[in-house]
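Asks: Turn this into a structure:
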Amino acid sequence: MIRLIKYGTTNTYLIRGERGTLLFDTDWAGTLPAFCHAMGDLGEKVQDISYILISHYHPDHMGIAQEIADMGPVICAADLQRDYIHSSDRILMRDKRAKFTPIKDEKIRFFAPDESRAFLREIGIDGEILATPGHSDDSISLLLDSGELFVGDLNPLYELELHKGTEIESTWNHLLSLPPKKVYYGHAPAATPYPSKT
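Replies: Sure, this is the predicted structure:
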């Protein structure tokens, strides 16, 4: 089951497996009360989240990750993201109005790309986590075997003509070869990757 949790500027997704739940992305620092309220409106409990997966460590995607983790869920990250975990800390700490809690490195569960399928299977989710550079070097995407693709801030397909010959195009070419049935973006509505032929 996939649920969109909309409480700020970033689309956050709750993905329920057979044995646990994954939260894909968070929002800016200061949005924790709104997040908890949105979860409550959906009849969901933060404590029921098993893992938090961040598509990339920009401030609008990881701002409340540690605050959520302090309530029970574990932050997981791909090895390739290791050097980027704190890349937004300085930006978030500048805003004195919004409390920011940096991620606690010692509590992160890291996984290698070839381990992602086994990791997801632990919570009953069939899929894999892929390196998808283009928007940032630490960007990852989650592709479920059922065809749902979560891409964070990878530039939307409708902008692809603007990125001919770039890493963004290469990443999309790889993803489309898999192929996904539905794409869930960080800041745009979910969409099917192929237009209807009717």
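Asks: which residues touch Glu167?
Replies: The neighbours of Glu167, taking C-beta atoms under 8 Å, 6 or more residues apart in numbering as the test, are Pro133, Gly134. For glycine as for every other residue, the C-beta is placed from the backbone atoms N, C-alpha and C.
Asks: out of everything not next to it in sequence, what's closest to Thr31?
Replies: Gly8 (4.5 Å; C-beta to C-beta, 6 or more residues apart in numbering).
Asks: where exactly do the strands run in this protein?
Replies: 2-5, 12-16, 21-24, 51-53, 74-78, 109-111, 127-131, 140-144, 148-152, 182-185 (DSSP state E).
Asks: To Ala118, which of those strands lies closest?
Replies: When the strands of the chain are compared by C-beta to C-beta, strand 109-111 sits nearest Ala118, at 8.3 Å.
Asks: for the closest one, packing partners?
Replies: strand 74-78 (3 or more C-beta pairs under 8 Å, 6 or more residues apart in numbering; DSSP states H and E).
Asks: Check the contact between the residue nearest to Thr31 and His37; I expect there is one.
Replies: No - if you go by C-beta atoms under 8 Å, Gly8 and His37 don't touch, sitting 11.3 Å apart.
Asks: Mind pulling up the pLDDT for the nearest residue to Tyr13 once chain neighbours are set aside?
Replies: Residue nearest to Tyr13 in three dimensions, not counting chain neighbours: Phe24, with 4.3 Å by C-beta to C-beta, 6+ apart. pLDDT recorded at Phe24 is 98.
Asks: same question, Thr198
Replies: pLDDT, read off for Thr198, is 41.
Asks: and what of Pro189?
Replies: At Pro189, pLDDT is 95.
Asks: if we can go back for a sec, looking at Gly8 and His37, which has the bigger crowd around it?
Replies: Gly8 (18 against 11; other C-beta atoms under 10 Å).
Asks: From the chain's centre, how far out is the lowest-mean-pLDDT helix or strand in the chain? Work that out for me.
Replies: Within the chain, confidence by mean pLDDT, DSSP states H and E is lowest for helix 89-94 among all helices and strands, at a mean of 94. Centroid separation for helix 89-94 versus its chain: 20 Å, with C-alpha atoms, centre = their mean, to the nearest Å.
Asks: when you give positions from now on, start the count at 708
Replies: Got it, the first residue is 708 from now on, which makes the last one we talked about helix 796-801.
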